[in-house]
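A.B. asks: below are the sequence and a predicted model; questions follow.
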Amino acid sequence: MVQAKPYPTALTGAIPDLSSSRSEQLIQFNHPEKYRTSEWYTGHGEITASGDGRSFEISATYSLKARVELVDGVFDCVNPTLAQAYKSRTRCVAIVDQTVDELYGEPIRRYFEHYEIPLELVVCRAWESDKTPDTVHRLLQFLGKDGCDVSRNEPVLVVGGGVLSDVAGLACALHNRRTPYIMVGTTVVAAIDAGPSPRTCTNGNQFKNSLGAYHPPVLTLVDRHLFRTLATGHIRNGMAEIIKMAITDDPVLFELMEHHGSTLMETHFATLNGSEELATIADDVIYRALFSYMKHEGTNMFETYQDRPHAYGHTWSPRFEPAARLMHGHAVTIDMAFGASLAVEMGWLKPEERDRIIALCRSLGLSVYHPILENVELMIDGQKNMRRKRGDGGLWAPLPMGIGSCDYAQEISSDLLRAAIARHKQFCAALPDRGQGKDMYLTDLGLE
Ligand SMILES: NC(=O)c1ccc[n+]([C@@H]2O[C@H](COP(=O)([O-])OP(=O)(O)OC[C@H]3O[C@@H](n4cnc5c(N)ncnc54)[C@H](O)[C@@H]3O)[C@@H](O)[C@H]2O)c1
């Protein structure tokens with residue numbers, strides 16, 4: 001029986017030395033608060049000496065605080081939220097998406113001038129084709145000794161879409177091994193999904209998002225007014241991630257999307273025009289999607305459990321999205337629609353529920369089919385990659401069990417996969433445009 005000996009935090013003396021002890025002993029070690037350096041991160045641990053004088057075991061926890069907040073006019077001088085985050089520091093080091101800088105660079109600079117906070121800002125082109133280790137290296141130069149020399153507890157401000165949040169988040173994870181950052185997601189995807197996500201990354205060879213680190217922003221500010229300037233295609237793209245949480249977790253959100261999804265898309269979330277009532281619905285949709293996502297993702301920061309509803313639409317798409325050069329949202333809805341047909345094939349979903357899912361995606365112009373699904377070898381290869389990524393315990397593909405809940409398929413045999421592809425192809429062949437969506441292909445492959 002191991003005796004736990006809590007190390008008294010009030011004492012300032014050394015940790016008891018058990019190195020020469022010949023009996024099994026455990027020390028719980030709560031580090032004294034006065035030595036704490038970070039307001040967001042903490043950790044405790046215990047060490048168990050086995051008593052043989054040759055081995056011991058460590059068990060440690062790491063905990064973090066991450067806040068998500070809806071705000072209006074994040075760069076309006078009347079809104080003090082960002083200033084409060086930086087006022088007590090001597091400056092704000094910021095990484096800003098190139099397009100966002102063209103559109104909002106002036107208000108951003110004016111904001112920090114107004115609050116007399118020196119701003120050190122780098123502009124970063126963040127096309128999908130820029131989601132590379134090279135971009136991460138460039139950002140590391142900016143943050144590092146030869147650049148701004150950002151300290152370990154100085155939150156970097158990241159302003160941009162999902163590509164920037166992924167690569168800049170990864171640079172922050174690597175700089176000083178862990179540097180906090182504040183995220184202002186400027187696209188729908190970044191606002192409700194990629195922005196608050198702990199999964200920072202860059203693309204690897206042939207497989208999206210395969211190099212990365214778990215490192216969420218300490219604060220995510222979501223301002224839907226920034227969606228005003230987004231291309232409608234990018235609003236549509238972001239709707240896919242909202243639909244994902246609606247199908248797997250929130251039936252109320254699904255109904256809200258059925259009733260208001262296309263109006264929200266046309267009005268860019270009630271920012272181009274629309275009543276106060278629509279603005280309230282827009283906030284409600286954003287909040288529900290965010291809450292639902294972070295309820296699962298935020299409480300499972302290290303993906304140590306595979307009951308992850310938000311992975312719906314992301315089982316096969318990481319393999320076919322780059323191969324077919326699809327917009328991320330369209331790749332996700334193709335995967336979700338295929339997953340719905342697969343769930344019908346498995347008896348998890350009623351055909352009429354699959355029809356509702358597909359009707360909702362199509363009402364927003366999102367794709368539900370692409371011929372690349374018929375490349376069975378590629379789909380099997382995608383499953384193989386995903387099985388490795390999810391920890392070798394299985395494929396754990398989230399699939400809907402009705403509207404608003406899901407379960408996880410541990411394995412999908414190749415026979416079942418083939419049958420589901422055939423069923424889905426047959427279903428989509430009857431659709432007017434065979435299930436293709438609007439603006440479904442990437443247009444920013446500028447480096448080709
Ligand atoms: N880490 C995660 O958990 C996670 C989740 C979902 C998606 N992602 C990743 O996110 C990426 C897609 O993100 P995205 O859809 O935001 O695309 P994006 O970052 O490429 O942004 C889309 C375009 O909009 C521009 N833009 C950004 N904000 C704007 C604004 N307010 N007004 C006008 N233009 C603006 C950008 O410059 C870009 O050209 C994919 O690479 C995907 O893998 C990551």
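C.D. replies: Yep, it's here.
A.B. asks: what about Ala49, how many neighbours?
C.D. replies: Residues within reach of Ala49, counting by other C-beta atoms under 10 Å, total 21. Every residue, glycine included, has its C-beta placed from N, CA and C.
A.B. asks: quick one: it from Lys350, how far?
C.D. replies: Ala49 sits at a distance of 58 Å from Lys350 (criterion: C-beta to C-beta, to the nearest Å).
A.B. asks: repeat for Ala289
C.D. replies: 24 Å.
A.B. asks: cool, Asp134 as well?
C.D. replies: Distance, Asp134 to Lys350, by C-beta to C-beta: 48 Å.
A.B. asks: quick one, which of these two is more surrounded?
C.D. replies: Using other C-beta under 10 Å as the criterion, Asp134 and Lys350 rank with Lys350 on top: 14 against 11.
A.B. asks: quick one: the more buried one and Pro400 touch, right?
C.D. replies: No: using C-beta atoms under 8 Å as the test, Lys350 is too far from Pro400 to be in contact (10.0 Å).
A.B. asks: any residue of stretch 103-114 up close to the ligand?
C.D. replies: Yes: Stretch 103-114 reaches the ligand (C-beta under 6 Å from any ligand atom) through Leu103.
A.B. asks: which residues of the stretch 151-300 of the chain lie near the ligand?
C.D. replies: Near the ligand, when you scan the stretch 151-300 of the chain using C-beta under 6 Å from any ligand atom, you find 160-164, 166, 186-187, 189-190, 193-194, 197, 199, 208-209, 226, 229-230, 234, 237.
A.B. asks: in strands, which of those residues fall?
C.D. replies: Among these, the ones falling in strands (DSSP state E) are Gly160, Arg199, Lys208, Asn209.
A.B. asks: contact partners for the second one?
C.D. replies: Which is Arg199. Going by C-beta atoms under 8 Å, 6 or more residues apart in numbering, Arg199 touches Asp166, Asn209, Gly212, Tyr214, Glu303.
A.B. asks: which stretches of the stretch 201-350 of the chain aren't confidently modelled?
C.D. replies: Counting by pLDDT under 70, the stretch 201-350 of the chain contains low-confidence ranges at 206-207.
A.B. asks: so where do the helices sit in the stretch 301-448 of the chain?
C.D. replies: Secondary structure of the stretch 301-448 of the chain (DSSP state H, counting those that start in this stretch): helices at 317-324, 328-345, 351-363, 376-389, 414-429.
A.B. asks: CSV for these, including distance to the ligand and mean neighbour count?
C.D. replies: Compiled in CSV, the helices of the stretch 301-448 of the chain are given as follows (distance: least, C-beta to the nearest ligand atom, whole Å; neighbours: other C-beta atoms under 10 Å):
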stretch, distance to the ligand, mean neighbour count
helix 317-324, 8, 22
helix 328-345, 4, 28
helix 351-363, 16, 18
helix 376-389, 13, 16
helix 414-429, 23, 16
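A.B. asks: and of these, who's closest to Ala94?
C.D. replies: Ala94 lies closest to helix 328-345 among the helices of the stretch 301-448 of the chain, at 24.4 Å (C-beta to C-beta).
A.B. asks: what's the angle from the closest one to helix 376-389?
C.D. replies: Between helix 328-345 and helix 376-389, the angle comes out at 100 degrees (axes from the mean of the first three to the mean of the last three C-alpha atoms, to 10 degrees).
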